[in-house]
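Colleague: From the sequence below, what's the structure:
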Amino acid sequence: MTTISQLRSGMTRLDTVEGTIDSIGEPRTVNLRAGGQAQVADAILKDDTGQIKLTLWDAQIKMVKSGSKVTIENGYINSFKGENSLNVGKYGKLNIIEF
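Modeller: The predicted structure is shown next:
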């Protein structure tokens, strides 16, 4: 299990990361590189070691709420404007432990 304090920019295929959703921002519509649009929202994921921004896409937004315990398997970290964020990605999985 990887803790939030261990996450660094550029990490891929992460082992399981577990935490609690602290807050979720308002969803917004973005244009995709491959064409089309998607809904995206930023959430704050916390554990005992720290917190990180978690990017939620489309159906994932409705899967969680503030206070939900989740695990992310096979996610990756990217950095935008100096801020790291955890992404589930196409090959990752968002699991709800406690809604």
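
Colleague: wouldn't residue 9 be in contact with residue 79 here?
Modeller: Yes: in terms of CB atoms under 8 Å, residue 9 counts as a neighbour of residue 79; the distance is 4.1 Å. Any C-beta I mention is one placed from the backbone N, CA and C, and that applies to glycine too.

Colleague: quick one: contacts for residue 94?
Modeller: Residues near residue 94 by CB atoms under 8 Å, 6 or more residues apart in numbering: 56, 60, 63, 64, 70, 71, 72, 88.

Colleague: partners of it in the sheet?
Modeller: Counting by DSSP bridges, residue 94 forms beta bridges with residue 72.

Colleague: between the contacts of residue 94, which is closest to residue 95?
Modeller: When these are compared for distance to residue 95 (CB to CB), residue 71 wins out at 4.6 Å.

Colleague: What segments of this protein are strands?
Modeller: 17-24, 28-31, 37-47, 50-57, 69-73, 76-80, 83-87, 93-98 (DSSP state E).

Colleague: Compute the inter-axis angle for the fifth one and strand 93-98.
Modeller: Okay, so that is strand 69-73. Orientation of strand 69-73 against strand 93-98 (axes from the mean of the first three to the mean of the last three CA atoms, to 10 degrees) gives an angle of 160 degrees.

Colleague: quick one, strand 69-73 and strand 83-87 angle?
Modeller: Computed by the same axes, to 10 degrees, the angle between strand 69-73 and strand 83-87 is 90 degrees.

Colleague: So for strand 69-73, mean pLDDT?
Modeller: For strand 69-73, mean pLDDT is 96.

Colleague: got the buried residues for that strand?
Modeller: The neighbour-count check on strand 69-73 (16 or more other CB atoms under 10 Å) flags 70, 72, 73 as buried.

Colleague: Could you dump the strands of the chain into CSV with distance to residue 4 added?
Modeller: CSV is the format used below for the strands of the chain (distance: least, CB to CB, whole Å):
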stretch, distance to residue 4
strand 17-24, 6
strand 28-31, 24
strand 37-47, 5
strand 50-57, 4
strand 69-73, 11
strand 76-80, 10
strand 83-87, 8
strand 93-98, 15
